[in-house]
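In: Show me the folded form of this:
(2 chains)
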Amino acid sequence: MVYQKNKIGSLLSVFMLTTMTVASSQAVADNGTESVFAGGSFMVTQVNAANTFNVNLKKVKDPNAAPPDDGIHDPENPATHVLQPPKDAYIGLPTTEFGNHIDWVKAIDDGLLKPRWERTDPTAEPFVLDLDIVRPVKASVPDVVFPHRQHTEWLSCSNCHPAIFVPQKGANQISMSAILLGQKCGVCHGKVSFPITTKSCRKCHSKPKPAGWKPPLSEATLKNPWK
Amino acid sequence: MISNAGRRLTGRTALFGMVVWLFAVVAPTPAQAEYADIVINNYADAAGMRPVVFPHWFHRIRFRCKVCHADLGFKFKAGGNAITMAKIIDGEFCGACHNGEVSWSVENCDMCHSGIPGTPTHFHGSTVQRLIAPPFKGVDQSKQTQ
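Out: Prediction:
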């Protein structure tokens, strides 16, 4: 039996184990410790802590934490407790699985939010341009459709043209690595507008590939075909 | 029908376990702030003020991006606007609204200066921050062997 006092994880699981064995004869804790209660002998196997799950997977427990519990606001500051918790403001808004967990586009389309277009004039309307730009993608993921409509609901032309994008179809070189480095679409996506994550890929990659499309073969494979 | 080994474990480890449980409950929570919150701390700490926390989610419910990023001239860069109190009381940046007319006025120092002291200027929850390793850079085609 291996029993390490210094490992919080193993202590925790041993504790869970001691409570659980009362009720059942087998308990499995999520860090790999397993106890088997068989034939009157009691055994604890301890998998090396390096071989557990979630070594690099980090999950946020509460994505819409209230200011005093969010880890960046100082709970010692009395005003922190006056600030609005995001969850109060989000009641009734359409949800997503990433970013603020709010679908901001749908919220204004459905008339559930009406953010001002001018600082002091609540009646001013945005200048909306309904123009989709399709960007074919070399890889197997669906092609990218850049919709001007949703962007011009929030932004002015000068926020993108010409500093981030030359206003000409195909004139801008865009790649996923540039986006992840915070350039091109990544100036906003991944910072304030919806982030880049498995669940959001299809928001941008939304146009299915033409029928019969196959990914191009690498030169290395063309030269040395796989036998 | 618990064996001896099992019983010896129980007494000692239940105590350890309870301490661990307690610790897990009261330990400070790691940062999990709302997506797009920005801590601005170019000068605040040095002047003995808490860093500023700017909540994008709260403001975008009320204003389109265009109001701040086109009309008021906020550049798309956390900490990149060199905001100071002198500019704010002259009606620039936050001062365009936090003037007692569009929104509450600047004397409410701690409403803005609400960050944990020592927090550096950063964007909360950005895709880059959440990557496990530095961002993906692709392959330099010119350096590829054939």
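
In: so where do the strands sit in the chain?
Out: Just going to use chain A. A:26-28, A:34-38, A:41-45, A:132-135, A:143-147, A:205-207 (DSSP state E).

In: My question was about chain B, not that one.
Out: Using DSSP E, strands in chain B cover B:37-40, B:52-55, B:122-123.

In: Okay, and the beta partners of the nearest residue to residue A:169 once chain neighbours are set aside?
Out: In space, and not counting its chain neighbours, residue A:169 is closest to residue A:133: 5.7 Å by CB to CB, 6 or more residues apart in numbering or on different chains. (Glycine included, C-beta is placed from N, CA and C.) Residue A:133 forms beta bridges with residue A:146, as assigned by DSSP bridges.

In: tally of neighbours for residue 107?
Out: Going with chain A. 20 (other CB atoms under 10 Å in any protein chain shown).

In: Oops, wrong one, chain B.
Out: 8.

In: Dihedrals phi and psi, it?
Out: Per-residue torsions, residue B:107: phi -70, psi -10 (degrees, to the nearest 10).

In: gap between the two ends of stretch A:54-67?
Out: With CA to CA, to the nearest Å as the measure, the first residue of stretch A:54-67 is 27 Å from its last.

In: wait, does it contact chain B?
Out: Yes - Stretch A:54-67 comes into contact with chain B (CB under 8 Å from any CB of the partner chain), by way of A:56, A:58, A:60, A:61, A:62, A:63, A:64, A:65, A:67.

In: which of those residues are buried?
Out: In those, burial by neighbour count holds for A:63, A:64, A:65, A:67, counting by 16 or more other CB atoms under 10 Å in any protein chain shown.

In: Tell me how far the residue nearest to the second one when sequence neighbours are not counted lies from residue B:31.
Out: Nearest in space to residue A:64, with sequence neighbours left out and distances taken as CB to CB, 6+ apart, is residue A:86 at 4.4 Å. As defined by CB to CB, to the nearest Å, residue A:86 lies at a distance of 15 Å from residue B:31.

In: quick one: which of the two has more around it?
Out: residue A:86 (24 against 18).

In: check contacts around the more buried one.
Out: Shown in contact with residue A:86 (CB atoms under 8 Å, 6 or more residues apart in numbering or on different chains): A:64, A:65, A:66, A:100, B:34, B:57, B:58.

In: please redo it, this time with the cut-off set to 6 Å
Out: When contacts are counted by CB atoms under 6 Å, 6 or more residues apart in numbering or on different chains, residue A:86 touches A:64, B:34, B:57.

In: Over to residue A:152?
Out: A:128, A:129.

In: what about the helices in chain A?
Out: Assigned by DSSP state H, chain A shows helices spanning A:8-23, A:86-90, A:104-109, A:148-154, A:157-160, A:176-180, A:201-204, A:219-223.

In: in the third one, what's buried?
Out: Looking back up the chat, that one is helix A:104-109. A:104, A:105, A:107, A:108.

In: Just the C-alpha atoms of it, please, in CSV.
Out: Taking Å, rounded to 0.1, in the frame of the first residue of the first chain, the C-alpha atoms of helix A:104-109 are listed here in CSV:
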residue,chain,number,x,y,z
TRP,A,104,-24.9,39.4,-28.4
VAL,A,105,-25.9,39.3,-32.1
LYS,A,106,-29.2,37.5,-31.5
ALA,A,107,-29.9,39.7,-28.4
ILE,A,108,-30.0,42.9,-30.6
ASP,A,109,-31.7,41.1,-33.5
